[in-house]
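**Student:** I need the structure of the sequence given here:
(3 chains)
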Amino acid sequence: MTAARARWRAVGRRSDGGVDIAVVDATGSVTERRVIPTAQLADEVAADPDARWIWSDTTAWYHGILAAGVRVDRCHDVRLCHAILRDSSLVTDAADLRAATAWDAASADPTAERDVLFALEPAADAIPHDLDATLTEFARQARAIGEATDPGRLRLLTAAESAGALVAVELHAAGVPWSRDVHDAILTDVLGPRPRPGELPSAVRDLADRVRAELGDPGASLDSHPRLLRSLHRVGVLVESTSKWELRRHDHPVIEPLLAYKRAMRLLSANGWAWMDEWIPVDRFRPVYVPGGVVTGRWASSGGGALQLPRMLRPAVRADERWTLVVADVAQLEPRILAAMAGDVALAEAARGRDLYEGIVARGTVPTRQDAKMALLGAMYGATSGDSGRLVPSLRRAYPRAMALVDDAARVGEDGGSVRTLLGRTSPEPSAAWRELQADAAEPEASDAVRAFARSRARERGRFTRNFVVQGTAAEWALAWLADLRRRLAAFPAVGEHPVTGRAHLAFFLHDEIIVHAPVDHADAAAEAVREAADAAGRLLFGSFPLDFRLDVRIAASADKS
DNA sequence: AACGATAGCGCG
DNA sequence: AAAGCGCGCTATCGTT
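**Tutor:** Here you go, the predicted structure:
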């Protein structure tokens, strides 16, 4: 009976259309192996709810299983973990991982229509999906982790990354509950009623008329930057670009309507009626999340612009009848991560139980909250001038440990080295071109121009590695938060059939914010789960270090921030 | 006609 | 006009 309760199980696609399904040990050795029809896979998964499923790619496998109504509790995503371990500086010998280049290919396209698992032929450059290749790579990874400088961190990271992949598929399946009516009302309010195809909304036309009148040119083009620039110059607005931050600085009657026009056109083209029809055919927005899509470990998105939903449209995020939303975001996540990583007790003290920026002001480091925010962002992004850079030195005096962490990361990056997050995700190596440039600039006969250019590129890379450690570790905290919350919510009372959406479930995630869609009666418990999960994530990454991850949590039918 | 690069703006 | 990180998307314009 041990086989049925085995912790590790693996699946692979067969060329005859079936699925190889295996029981394996922690090193990837097969102890039992069978062939099943693809249609039977979901039942097999359902029959072993405690298993940890090893598979090539969560997107490729889990969509179909979840569509069949079966939830997976844990997995090991071979493709995602390959990318982490191949590059991690905690891995002592990554030669064979680097040689296994088949695993560097792209993930399955989650938007591809498929009635059954793998109904479509994979692209020629896709990763392998067969059991042998999957387990061979899994064995490499297990060995790499076992021999690593700190196996515990990499076990946490690979588990968190894989859990995130499950969440991403579930988020897509659940979708963001969305009111087309509210969306339409916002568009109508800002732009005017929906126009006929090929026509502009009335408010946009009116704004364009006003702009053209102020430009003294009824035929002026507003959408071509070079032509708009010339028109502006003709009326004495001597800007160098047409960007809003530069326009804002000029006092001319054309500015106000022009900025309003740009704003309206932006809303229309990015999230107007066409976008609504394409992305919200019924009452759900289903963005495609791409776990690990950013080098730092943050998620990216593909299609729909899920990570750029304008705040203006957030009222359109609306819970179903008898359901509500739990909207939670972390206050000052990255500065808190920095304090905990660096073990900076003074910064942690400023953050404890309150707004971190207010805490910095209370210590007398800088005069205002805005100053504190600018200074801290400047420190994490590498600002050297302006309001932000000017404030960094006082921060450096007050919080030397935290500042040393980011300053060291920047120095390593400028020197061409790699940095890593708390759990071991490692920054990419500099390109060959970057190294050549630095080598050229180091030659005695190098010109001043080459030296200056090389220096500028070195500082640029330093800013990247400076931010990498903080942004990447924040992404790890967020993954731990998501993974813990996901499992808490799975234990909530069911009100429907579906294993994910038939109870309180995650509906949206964006770096440091989550939205849970919950039956009204379960909203308080869901909010509590959100808080408990944040506490658990903090303990998982930082143990007993005295720092809380403060959440702003609100329960409302709409995601509008009021 | 079909790309790629660029400007600009939205999000964290 | 980015000075300061990470993204995705749209429209325009130049190249092939």
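**Student:** mind checking the SS state of A:Y289?
**Tutor:** Under the three-state scheme (DSSP: H, G, I helix; E, B strand; the rest coil), A:Y289 adopts strand.
**Student:** Run a quick neighbour tally on it.
**Tutor:** By the criterion of other Cβ atoms under 10 Å, A:Y289 has 25 neighbours. In this view, the C-beta of every residue, glycine as well, is placed from N, C-alpha and C.
**Student:** check contacts around it.
**Tutor:** Applying Cβ atoms under 8 Å, 6 or more residues apart in numbering to A:Y289 gives the contacts A:A168, A:L171, A:H172, A:W299, A:A300, A:S301, A:A306, A:F509.
**Student:** Tell me the spacing between the first one and A:A475.
**Tutor:** Per Cβ to Cβ, to the nearest Å, A:A168 is found 13 Å from A:A475.
**Student:** Tell me the residues that contact both of the two, please.
**Tutor:** Contacts common to A:A168 and A:A475, judged by Cβ under 8 Å, 6+ apart, are A:W299.
**Student:** Look over the contacts of A:Y289 and name the one with the lowest pLDDT score.
**Tutor:** Scanning the contacts of A:Y289 for pLDDT, the low point is A:A306. It has 89.
**Student:** Closest one of the contacts of A:Y289 to A:R263?
**Tutor:** Using Cβ to Cβ, A:A306 comes nearest to A:R263 of the contacts of A:Y289, at 21.2 Å.
**Student:** could you measure that closest one against A:V317, distance?
**Tutor:** Taken as Cβ to Cβ, the span from A:A306 to A:V317 is 12 Å.
**Student:** same question, A:R194
**Tutor:** In terms of Cβ to Cβ, A:R194 sits 20 Å off from A:V317.
**Student:** between those two, who's got more neighbours?
**Tutor:** Neighbour totals were compared for A:R194 and A:V317, and A:V317 leads with 25 against 14 (other Cβ under 10 Å).
**Student:** give the contact list for A:R248.
**Tutor:** Contacts of A:R248 by Cβ under 8 Å, 6+ apart are A:I255, A:L259.
**Student:** Around DNA strand B, pick out the residues from chain A.
**Tutor:** A:225, A:241-245, A:262-263, A:266, A:270, A:307-312, A:329, A:471, A:510-513 (Cβ under 7 Å from any atom of the strand).
**Student:** Now with 6 Å, please.
**Tutor:** Residues of chain A lying near DNA strand B by Cβ under 6 Å from any atom of the strand: A:225, A:241-244, A:262-263, A:266, A:307-311, A:510-513.
**Student:** Now do the contacts for the residue nearest to A:L156 when sequence neighbours are not counted.
**Tutor:** For A:L156, ignoring the flanking residues on the chain, the nearest one in space by Cβ to Cβ, 6 or more residues apart in numbering is A:L423 at 5.5 Å. Going by Cβ under 8 Å, 6+ apart, A:L423 touches A:R153, A:L154, A:L156, A:L157, A:A160, A:T473, A:E476, A:L541.
**Student:** Other residues contacting the helix or strand hosting A:P226?
**Tutor:** In this assignment (DSSP states H and E), A:P226 forms part of helix A:225-234. With contacts defined as Cβ under 8 Å, 6+ apart, helix A:225-234 is touched by A:L215, A:G216, A:D217, A:A220, A:S221, A:L222, A:L238, A:V239, A:S241, A:T242, A:V254.
**Student:** is any part of that helix close to DNA strand C?
**Tutor:** Yes - contact of helix A:225-234 with DNA strand C (Cβ under 6 Å from any atom of the strand) involves A:P226, A:R227.
**Student:** what's the helix or strand that that helix is followed by packed up against?
**Tutor:** Later in the chain than helix A:225-234, the nearest helix or strand by DSSP H and E is helix A:244-247. The helices and strands touching helix A:244-247, judged by 3 or more Cβ pairs under 8 Å, 6 or more residues apart in numbering; DSSP states H and E, are helix A:255-271.
**Student:** before we move on, the earlier item: next step: the contacts of A:Y289 restricted to strands.
**Tutor:** Counting by DSSP state E, the contacts of A:Y289 place A:A300, A:S301, A:F509 in strands.
**Student:** Beta-bridge partners for the second one, please?
**Tutor:** Per DSSP bridges, residues listed as beta-bridge partners of A:S301: A:Y289.
**Student:** The contacts of helix A:225-234: which two are farthest apart?
**Tutor:** Applying Cβ to Cβ across these, the maximum distance is between A:G216 and A:S241, 21.3 Å.
**Student:** Mutual contacts of A:A306 and A:V317, please.
**Tutor:** Contacts common to A:A306 and A:V317, judged by Cβ under 8 Å, 6+ apart, are A:F285.
**Student:** quick check, nearest of the contacts of helix A:225-234 to DNA strand C?
**Tutor:** Among the contacts of helix A:225-234, A:S241 lies closest to DNA strand C (Cβ to the nearest atom of the strand), at 5.1 Å.
**Student:** From A:L232, how far out is the closest one?
**Tutor:** 10 Å.
**Student:** And A:R284, by the same measure?
**Tutor:** 43 Å.
**Student:** higher neighbour count, those two?
**Tutor:** For A:R284 versus A:L232, the count of surrounding residues by other Cβ under 10 Å is larger for A:L232: 22 against 17.
**Student:** ok, for A:A362, nearest residue in space, not its chain neighbours?
**Tutor:** A:A350 (7.1 Å).
**Student:** State the helix or strand in which that neighbour lies.
**Tutor:** Using DSSP H and E, A:A350 falls in helix A:345-351.
**Student:** Who are the packing partners of that helix?
**Tutor:** Against helix A:345-351 (3+ Cβ pairs under 8 Å, 6+ apart) you get helix A:333-342, helix A:356-362, helix A:400-414.
**Student:** Which parts of the stretch 51-200 of chain A are helices?
**Tutor:** A:58-67, A:78-87, A:95-99, A:131-146, A:151-174, A:180-191 (DSSP state H, counting those that start in this stretch).
**Student:** how about the CA coordinates for the longest one, as CSV?
**Tutor:** If I follow you right, that is helix A:151-174. Output in CSV follows, covering the C-alpha atoms of helix A:151-174 (Å, rounded to 0.1, in the frame of the first residue of the first chain):
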residue,chain,number,x,y,z
PRO,A,151,19.9,22.5,-0.1
GLY,A,152,17.1,23.8,2.2
ARG,A,153,16.8,27.1,0.5
LEU,A,154,16.7,25.6,-3.0
ARG,A,155,14.1,23.1,-1.8
LEU,A,156,12.0,26.0,-0.6
LEU,A,157,12.5,27.9,-3.8
THR,A,158,11.7,25.0,-6.1
ALA,A,159,8.6,24.1,-4.1
ALA,A,160,7.4,27.7,-4.0
GLU,A,161,8.0,28.2,-7.7
SER,A,162,6.1,25.0,-8.5
ALA,A,163,3.2,26.0,-6.2
GLY,A,164,3.1,29.4,-8.0
ALA,A,165,2.7,27.5,-11.3
LEU,A,166,-0.3,25.8,-9.9
VAL,A,167,-1.7,29.1,-8.7
ALA,A,168,-1.2,30.7,-12.1
VAL,A,169,-3.2,27.9,-13.8
GLU,A,170,-5.9,28.2,-11.2
LEU,A,171,-6.1,32.0,-11.5
HIS,A,172,-6.5,31.7,-15.2
ALA,A,173,-9.3,29.1,-14.7
ALA,A,174,-11.0,31.2,-12.1
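**Student:** OK, contacts around the closest residue to A:P287 other than its chain neighbours?
**Tutor:** In this structure, A:P287 finds its nearest non-sequential neighbour in A:A306, 2.8 Å apart by Cβ to Cβ, 6+ apart. Each residue near A:A306 by Cβ under 8 Å, 6+ apart is listed here: A:F285, A:P287, A:V288, A:Y289, A:L510.
**Student:** so which of those is the most crowded?
**Tutor:** Going by other Cβ under 10 Å, A:Y289 tops the contacts of A:A306 with 25 neighbours.
**Student:** So A:D50 is in contact with A:D73, correct?
**Tutor:** Yes - using Cβ atoms under 8 Å, A:D50 is in contact with A:D73, at 6.9 Å.
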